[in-house]
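Enquirer: build the 3D model from these lines:
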Amino acid sequence: MKTSDFSFDLPPEQIAQHPIERRDESKLLVMDRSSGDIRHTHFNQLPAYLEPGDVLVLNDTKVLPARIFGTRTSGARVEFLLLEEISPKVWRALVKPGRKARPGDRFTFGPMEAEIIGLAEDGLREVRLEYEGTLEPILDQIGTMPLPPYIHQSLEEQSRYQTIYAVHTGSSAAPTAGLHFTPELLQTLERQGIQIAKCTLHVGLGTFRPVKVDSITDHIMHEEWYELKPDQAEIINQAKRVIAVGTTSVRTLESIAAKHGRIRPDTGRTDIFIYPGYRFQVVQGMITNFHLPESTLVMLVSAFSSREHILQAYQVAIEQDYRFFSFGDAMLIL
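Expert: Next up is the predicted model:
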């Protein structure tokens, strides 16, 4: 199967540049997984499509405001995107401009300094940070959200690139399917008998990496850290239907099932790549945004239904003026 099999033409004006004013008023395209039949509604009508006993699995990762701008000793401006802490105060980072960032080079970011201590794969750098106290308050002060490159407008409220249930800091990008939930909507779902379970998967560099190979089986996924705690695994195992919120929740659940043959508490790293032909072991429904052409994410949702159904649904969404990508509208596949 070719990467080009997952291509489609998207008018640039349908790439959402900012979040909708109220999270749960985004559009919702509801698609039958088997037939491809489509309905149009809004996200606040989600309870109408779920049943008592269903379990929604949310990814409670929290995005770090990890894009920081500073200067090298020469005064030249530099940008770091902190991706993953690999040991205390040592991070793997994307550095721009990267060609001149060599081991031994030092940079200043307000109250923090950084030194390049090594080169990593994919052009990344290993960076030692020097600061007093804890890192998160410093990044809250000097950092910005690492918005995807297709978003060209600045974000007025940093919290709009966080889910309302974000707890565990460690992501380089938001699990965007969860951005549509409000506290009121979650309360409505729970009153209806829908249970909520939470996993954690820290979204990493793979989110920013396009598929550059012709054959999708040649693509190598980056590893991401995940955790599913015992009480949450128990909730999922008692579900009537498991509805994963976002591709990150899908990847967590299916990684655990692939590893253990069932859902159980687990912590680890996953590089699972789900594309058509994959047989799902856990997930029976999915809430997801509309994804980039030729991306691993559009391949994953195609595996859950079919490539033909997904591309047809995307075409309908384009015709109906849906908003695409991170701040865009949502899709429910059941």
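
Enquirer: what is the helix or strand harbouring S249 packed up against?
Expert: S249 is located in helix 247-260, with elements delineated by DSSP states H and E. Counting contacts by 3 or more Cβ pairs under 8 Å, 6 or more residues apart in numbering; DSSP states H and E, helix 247-260 packs against strand 55-59, strand 195-201, strand 224-228, strand 242-245, strand 266-270, strand 285-289, helix 296-304. Bear in mind the C-beta positions are built from the backbone N, C-alpha and C, glycine included.

Enquirer: ok, and what's touching it?
Expert: By Cβ atoms under 8 Å, 6 or more residues apart in numbering, the residues outside helix 247-260 that reach it are 57-59, 61, 175, 177, 199-201, 203, 224, 226, 228, 236, 242, 244, 263-264, 266, 268, 270, 272, 274, 278, 280-283, 286, 288, 291, 297, 300-301, 304.

Enquirer: before we move on, what about stretch 25-33?
Expert: Residues contacting stretch 25-33 (Cβ under 8 Å, 6+ apart): 20, 37-46, 49, 180, 285, 304-305, 309, 313, 316-317, 320, 322-323, 328-334.

Enquirer: among those residues, name the buried ones.
Expert: Among the contacts of stretch 25-33, those buried by neighbour count (16 or more other Cβ atoms under 10 Å) are 20, 38, 43-44, 46, 49, 180, 285, 304-305, 309, 313, 317, 322-323, 328-334.

Enquirer: now the helices: where do they sit in the stretch 51-200 of the chain?
Expert: 135-142, 183-191 (DSSP state H, counting those that start in this stretch).

Enquirer: deepest of the ones you listed, which one?
Expert: When the helices of the stretch 51-200 of the chain are scored by mean count of other Cβ atoms under 10 Å, the highest mean neighbour count falls to helix 135-142 (a mean of 15).

Enquirer: and it, C-alpha only, in PDB?
Expert: Taking C-alpha atoms only, helix 135-142 is exported to PDB below (Å, rounded to 0.1, in the frame of the first residue of the first chain):
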ATOM      1  CA  LEU A 135      11.400  23.500  35.000                       C
ATOM      2  CA  GLU A 136       7.600  23.800  34.500                       C
ATOM      3  CA  PRO A 137       7.200  27.300  36.100                       C
ATOM      4  CA  ILE A 138      10.100  28.500  34.000                       C
ATOM      5  CA  LEU A 139       8.600  27.200  30.800                       C
ATOM      6  CA  ASP A 140       5.300  28.800  31.800                       C
ATOM      7  CA  GLN A 141       7.100  32.100  32.000                       C
ATOM      8  CA  ILE A 142       9.300  31.900  28.900                       C
END
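
Enquirer: pLDDT of it, averaged?
Expert: Averaged across helix 135-142, pLDDT comes to 95.

Enquirer: now do stretch 232-251
Expert: Mean predicted lDDT for stretch 232-251 stands at 98.

Enquirer: between the two ends of it, how far is it?
Expert: Stretch 232-251 has its terminal residues 16 Å apart, counting by Cα to Cα, to the nearest Å.

Enquirer: equivalent analysis for stretch 13-30, please.
Expert: 23 Å.

Enquirer: repeat that for stretch 202-217.
Expert: 24 Å.

Enquirer: what does it contact?
Expert: By Cβ under 8 Å, 6+ apart, stretch 202-217 touches 1-4, 6, 61, 63, 83-84, 94, 122, 124, 148-149, 168, 170-175, 219, 221-226, 248, 275, 292, 294-296, 299.
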